[in-house]
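>>> Test case, fold it:
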Amino acid sequence: MQIDVSERAFEDAIEACLLQKSEGLIGEERSSYLDLTPGGYRKRTSEDYHRALCLIREDVLDFVLVTQPQEWQRLSQHHGSAVEEQFLKRLASEIAHRGALDVLRDGIRDMGCRFRLAYFRPSSGLNEETRELHRGNIFSVVRQLRYSERNSKSLDLALFLNGIPIFTAELKNPLTGQTVEDAIRQYRTDRDPREPLFAYRRCLAHFAVDPDLVFVTTQLAGPQTYFLPFNRGKFGGAGNPPVSPTQTGYSTSYLWEETWARDSVLDLVRQFIHEVEEEDDRGRKTGKRYLIFPRYQQLDCVRRLVSNARQRGTGQRYLIQHSAGSGKTFTIAWLAHQLSTLHDAEDRRVFDSIVVISDRRVLDRQLQAAMRQFEQTLGVVENIDTTSRQLREALESGKTIIVTTLQKFPVIAEEIGQLPGQRFALIVDEAHSSQSGESTRDLNRVLAPSSLEEAEAEDAGQEVSEEEELDNVVLTQMARRQQPTNVSTFAFTATPKPKTLELFGNRQPDGSFAPFHLYSMRQAIEERFILDVLESYTTYKAYWRLLKTIEDDPRYDKTKASYLLRSFVDLHPHAIDEKVRIMVEHFTGKSQSEIGGRAKAMIVTRSRLHAVRYKLAVDRRLAELGNPFKTLVAFSGTVQDSGHSYTEANMNSIPEAQTARTFESPEYRMLIVANKFQTGFDQPLLQTMYVDKKLGGVNAVQTLSRLNRTHPDKTGTMVIDFANESDDIRASFQPYYETTILSEATDPNLLYEVQTRLKTYPVFTDEDVDAYAGVYFQPGSTQDQLYAALAPSVQRFSDLQEDERQDFRSQVTDYVRLYSFLAQVITFLDADLEKLYVFARHLRQLLIVEREELPLEIQQKIDMESYRIQQTGSGKVALERKGDKLDPVRTKEPGQRTPEELEVLSRIIADLNDRFGIELGPEHRITLGRMMERLEEDSALEVATKVNTLENVRITFDHKVEQVIQEIIDLNFDLYKRITDDPAFGEAIKNHLFDQYLTTHRGSEGVDVNDGAE
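From the prediction side, this is the model:
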């Protein structure tokens, strides 16, 4: 028998699944959070559909008569025999006016009678009556629905809830030559938004479906209709996993088997689909409304988290690794609201309060807006963005959802005290930067209840020895560092660090740690929610030579001197001017025309002083070119340079708080930053980034990701990097491209190793630690007693040799950091560790280590002989499709500092020149002279140089010079081999020859940038 490969067979399979028999919506009283059993739909035909009313009349009437017979009887007394017609007209009118979502949620009123149009699963109080009402919901499916009064066009599929259309679908089958793209095109070009069924808010969603992919939209707008992917993800990227040959069904079966399952549909209507109104940057309503339908990863993430929290209760930790572009703001809003009404299987409320914590000092306006607009009961959400007293009152009064910043918690920790009996859900945005330090431990202390053991001991009046009492107090303090049993933490981040993975990740059978839920960077890029910032990546390398300007040849520590000499080059006016020339020419020549002529750029500098000098140099260069573009600079504090004081405010001539908003103005096109706006800055018009700062790890990902925001006119991004190699950037991005996994847990025994190393120094004794702990944990102790307890150890520390002091302080820092992290992950039963921790944490603040003086005078004894920047690579930095693993926390052995190596200044300069300059011997210089003579003899090259653009001249020149290089094999094989074996050296030689050639044939246009050229 021949297999049917038509589109009709695909429709048959979907319909069969929806029509299969199924039990009632709610089974046993202790049923799971959500019943995703497929089936249970009625089969209806196009003739059952009333095209003018956009309703299935019989389904509406069946639902109302069965679930609300008394109200129907009252309405019949008003309308008599016309009751059905009048009610259906009233319902259709209300849907047209208010939208199907509002009608399904809140029902309608007619002649003083109130009718529900759907019964949802109650959050609590489930009983036989509510189950019966829930079972009364009627789900129907219609194939080939003829929807128009004006023509006979039909839809492949339409789903109805109690006679009200909620979803439509166009189905395509690639085996017949059509795909999901054809379904999307059909909605855009052949489905008239003026038809009542396709009017905004009449239907809740429209799906384009084929066996491999699903896309969804909530509003048809002709060719401008925007579809979102509704796919599960495939091997870390976009799409859906293929179906195994041993299984049946399609890759998109989850749509009709799970998403369109009856309980799922009711959950979508009640909890997820929302109408929101756009707000401007100041929080003012714009009047533009749109329906939000969750993307697959948002729906799946929230449902999995809610189900797990319902089953496991409080005291849990969850890590959600969702890339930029995941729609995290809405995911957090959906999660917070659903956790706020969550009840367990015993009908007990799981959380009393939901605390949503933003890592930013000012509450994210978008997050506030989403939380507020998702609010269905007025007063549920409390935004705390002013005083800590507000937060204290909100917690103590049991406000349902509290939105605040992390900075508020340490301030009020002591004021609130303990909140016994209350249970909390903490939803943390960007957990990696806020969840491993003292702030979180203060937070845990605030929200943790008093233990029953403490209460029992107090009531019994137990007497314990002084030493036992101290250990009990210390162990109580240790317990507070753990995840409190009354608190569950839901941590969201795009770039989890190793500590974050270990703290919040799920431990795997092999000992590694992985996130609870994942939406990868790769999937976000492939689904076009963010741009690939590594698509166009250009690297430059600086070549320079220094010379000594004094006759003496003093000796300096080689490491410190090399650092200062490189800093001298980086801050040299020639170096900055040359980089600025490249940046400005690139921006004005290429970037400025992007995004419809509105593109902006960011210059990332390595220090505040660099930012100041770049700002001055860029403004100067723009003025020289007569360019009207303006720049802004962003850095903290005050910078002193050449007798002037510079701040962000006085350089921009606006208050510091207005920098981000001012950058939105069209005349401001370049933003110069130093450790500001490299994270959390969202500007879709940012198209190019110029990097003059070493980046690595999470910092590299977060900084470059400022470019990845999408815009309708934005087709790509550009990165020009003067400080990093493309391989290093690739290594930084790779762990976060798909899923991020921690290879193994941090070894807790490392703590004992550091403790042992600390005790080898003659700085403190066990008695010193016990004495300090006795004061620290004793109520009523004073600050002067703490100083007195630390004084002997501080004195012994000062008696050590300089290198010993540095090593000891480094080990103390290692112990404090390692313990503060591990104490949140595992339970230590060793009170000595906690006592040493509080002792070391405060001792460290009193340990003064002389800062090594850098020989700054060295910069007065040298000058820059030459400086050149050349492009070393351009193209895409390709990431591999594999999961990379991060390493756990490590400690370092003492004495791992670079030993001081004294060297004469001339030798230091020579070593740096070897690394960053082009050193050529006499024989090589002669060969280069011969090569230049051959180029000078080329009349075709001379003509090309005079009539072509510089870019075209370079293409011709490179072709000619390759020929000349082949001619020197016999003349100077050593130079030939070095040019061909070392691409960077070969490029530098070509640049050198090109500059010389241009100097002769075009004048100053080709002169190298060096001190002697001015």
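>>> shaky segments in the stretch 501-650 of the chain?
Within the stretch 501-650 of the chain, the segments meeting pLDDT under 70 span 543-551, 553-554, 556-566, 568.
>>> I meant the stretch 201-350 of the chain, not that one.
Judged by pLDDT under 70, the stretches of the stretch 201-350 of the chain that qualify are 280-283.
>>> quick one, helices of it?
Per DSSP state H, counting those that start in this stretch, the stretch 201-350 of the chain carries helices over the ranges 253-254, 262-267, 296-312, 328-340.
>>> Now render these as CSV, adding mean neighbour count and distance to V775.
Backbone N, C-alpha and C define where each C-beta goes, glycine included. Below are the helices of the stretch 201-350 of the chain laid out as CSV (neighbours: other C-beta atoms under 10 Å; distance: least, C-beta to C-beta, whole Å):
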stretch, mean neighbour count, distance to V775
helix 253-254, 19, 61
helix 262-267, 22, 56
helix 296-312, 20, 41
helix 328-340, 24, 42
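>>> which one of those lies closest to L750?
For the helices of the stretch 201-350 of the chain, the distance to L750 is smallest for helix 296-312, at 30.0 Å, taking C-beta to C-beta.
>>> what residues does the closest one touch?
Residues outside helix 296-312 that contact it (C-beta atoms under 8 Å, 6 or more residues apart in numbering): 32-34, 214, 229-233, 259, 267-268, 272, 294, 316, 318, 320, 322, 326-327, 330-331, 334-335, 338-339, 342-345, 350-351, 425, 488, 490, 516-517, 519, 523.
>>> Tell me, domain by domain, which residues of this structure belong where.
Domain ranges of the chain: 7-230+247-271, 295-455+466-519, 537-743+861-914, 918-1013, per automatic domain parsing.
>>> before we move on, back to that, mind putting the helices of the stretch 201-350 of the chain into CSV with distance to Q755?
Shown next, in CSV, are those (distance: least, C-beta to C-beta, whole Å):
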stretch, distance to Q755
helix 253-254, 52
helix 262-267, 52
helix 296-312, 35
helix 328-340, 40
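>>> Specify the stretch among these that is closest to D770.
Closest to D770 of the helices of the stretch 201-350 of the chain is helix 296-312 (C-beta to C-beta; 39.6 Å).
>>> Kindly calculate the angle that that closest one makes with helix 328-340.
30 degrees (axes from the mean of the first three to the mean of the last three C-alpha atoms, to 10 degrees).
>>> Which parts of the stretch 451-600 of the chain are strands?
Along the stretch 451-600 of the chain, counting by DSSP state E, counting those that start in this stretch, strands occupy 487-493, 506-507, 513-514, 517-519, 537-548, 555-557, 600-605.
>>> what's the answer for the stretch 151-300 of the chain, then?
Using DSSP E, counting those that start in this stretch, strands in the stretch 151-300 of the chain cover 154-161, 164-171, 205-209, 214-217, 228-229, 274-279, 285-292.
>>> and the residue nearest the centre of the chain, what is it in contact with?
Geometric centre of the chain, nearest residue: A494, 3.7 Å, by C-alpha atoms, centre = their mean. By C-beta under 8 Å, 6+ apart, A494 lies in contact with 321-324, 326, 430, 521, 701, 705, 736.
>>> please redo it, this time with the cut-off set to 7 Å
Applying C-beta atoms under 7 Å, 6 or more residues apart in numbering, we find A494 in contact with 321-324.
>>> So which of these sit within strands?
321-322 (DSSP state E).
>>> right, and F490 touches F424 too?
No: F490 lies out of contact with F424 (C-beta atoms under 7 Å); the separation is 11.0 Å.
>>> okay, these two: which has more neighbours?
F490 (27 against 22; other C-beta atoms under 10 Å).
>>> Okay, and the beta partners of that one?
Going by DSSP bridges, F490 is paired in beta bridges with Y318, I427.
>>> distance of it from I402?
Using C-beta to C-beta, to the nearest Å, we find F490 at a distance of 14 Å from I402.
>>> before we move on, what about A660?
With the distance defined as C-beta to C-beta, A660 ends up 26 Å from I402.
>>> Between those two, point out the one with more neighbours.
For the pair A660 and I402, the greater number of neighbours falls to I402 (23 against 17), based on other C-beta under 10 Å.
>>> For R114, grab the count of nearby residues.
As a burial measure, R114 scores 12 neighbours (other C-beta under 10 Å).
>>> circling back to that earlier point, right, and the strands of the stretch 151-300 of the chain - which one's nearest T782?
Among those, strand 274-279 comes nearest to T782, with 51.4 Å by C-beta to C-beta.
>>> In its sheet, which strands sit next to the closest one, and in what direction?
Under the criterion DSSP bridges, strand 274-279 sits next to strand 285-292 (antiparallel) in its sheet.
>>> Stretch 342-358: which residues count as buried?
342-344, 350-358 (16 or more other C-beta atoms under 10 Å).
>>> Counting neighbours, which bits of the strand or helix carrying V83 end up buried?
Assessed by DSSP states H and E, V83 sits inside helix 83-98. Neighbour counts over helix 83-98 (16+ other C-beta under 10 Å) mark 83-84, 86-88, 90-92, 94-96 as buried.
>>> what sits up against the first helix or strand past that helix going along the chain?
For helix 83-98, the following helix or strand on the C-terminal side (DSSP H and E) is helix 100-106. Helix 100-106 is contacted by residues 94-95, 117-118, 161, 164, 166, 201-204, 269-270, 273, 275 when judged by C-beta under 7 Å, 6+ apart.
>>> What of stretch 962-973?
Stretch 962-973 is contacted from outside by 923-924, 927, 930-931, 934-935, 975-976, 979, using C-beta under 7 Å, 6+ apart.
>>> quick one: which of the residues you listed is nearest V691?
For those, the nearest to V691 is I979 (28.7 Å; C-beta to C-beta).
>>> I am assuming the closest one contacts A988, so please confirm or correct that.
No: using C-beta under 7 Å, I979 makes no contact with A988, being 9.4 Å away.
>>> re the thing from before, turn the strands of the stretch 451-600 of the chain into JSON lines, including distance to E585.
As requested, those are exported to JSON lines (distance: least, C-beta to C-beta, whole Å):
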{"stretch": "strand 487-493", "distance to E585": "38"}
{"stretch": "strand 506-507", "distance to E585": "50"}
{"stretch": "strand 513-514", "distance to E585": "46"}
{"stretch": "strand 517-519", "distance to E585": "39"}
{"stretch": "strand 537-548", "distance to E585": "13"}
{"stretch": "strand 555-557", "distance to E585": "38"}
{"stretch": "strand 600-605", "distance to E585": "12"}
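>>> Tell me which of these lies nearest to L53.
Set against L53 and scored by C-beta to C-beta, the strands of the stretch 451-600 of the chain come closest in strand 517-519, at 40.4 Å.
>>> from the chain's centre, how far out does the closest one sit?
Its chain's average C-alpha position is 12 Å from that of strand 517-519, according to C-alpha atoms, centre = their mean, to the nearest Å.
>>> mind saving the C-alpha coords of stretch 969-981 as CSV?
Taking C-alpha atoms only, stretch 969-981 is exported to CSV below (Å, rounded to 0.1, in the frame of the first residue of the first chain):
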residue,chain,number,x,y,z
ILE,A,969,64.7,33.2,-2.7
ASP,A,970,68.2,33.0,-4.0
LEU,A,971,69.2,36.5,-2.9
ASN,A,972,68.2,36.1,0.8
PHE,A,973,66.5,32.8,1.6
ASP,A,974,66.5,33.5,5.3
LEU,A,975,64.3,36.7,4.8
TYR,A,976,62.1,34.8,2.3
LYS,A,977,61.5,32.0,4.8
ARG,A,978,60.7,34.4,7.6
ILE,A,979,58.2,36.3,5.4
THR,A,980,56.4,33.2,4.2
ASP,A,981,56.5,31.3,7.6
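>>> Buried ones in the biggest helix by length in the chain, by neighbour count?
Ranked by residue count and defined by DSSP state H, the top helix of the chain is helix 802-825. For helix 802-825, the neighbour count (16+ other C-beta under 10 Å) marks 804-825 as buried.
>>> Stretch 599-608 too?
Neighbour-count burial for stretch 599-608, counted by 16+ other C-beta under 10 Å, picks out 599-608.
>>> circling back: now for the domains of the chain, which one comes closest to V838?
Nearest to V838, of all those, is domain 295-455+466-519, at 8.0 Å by C-beta to C-beta.
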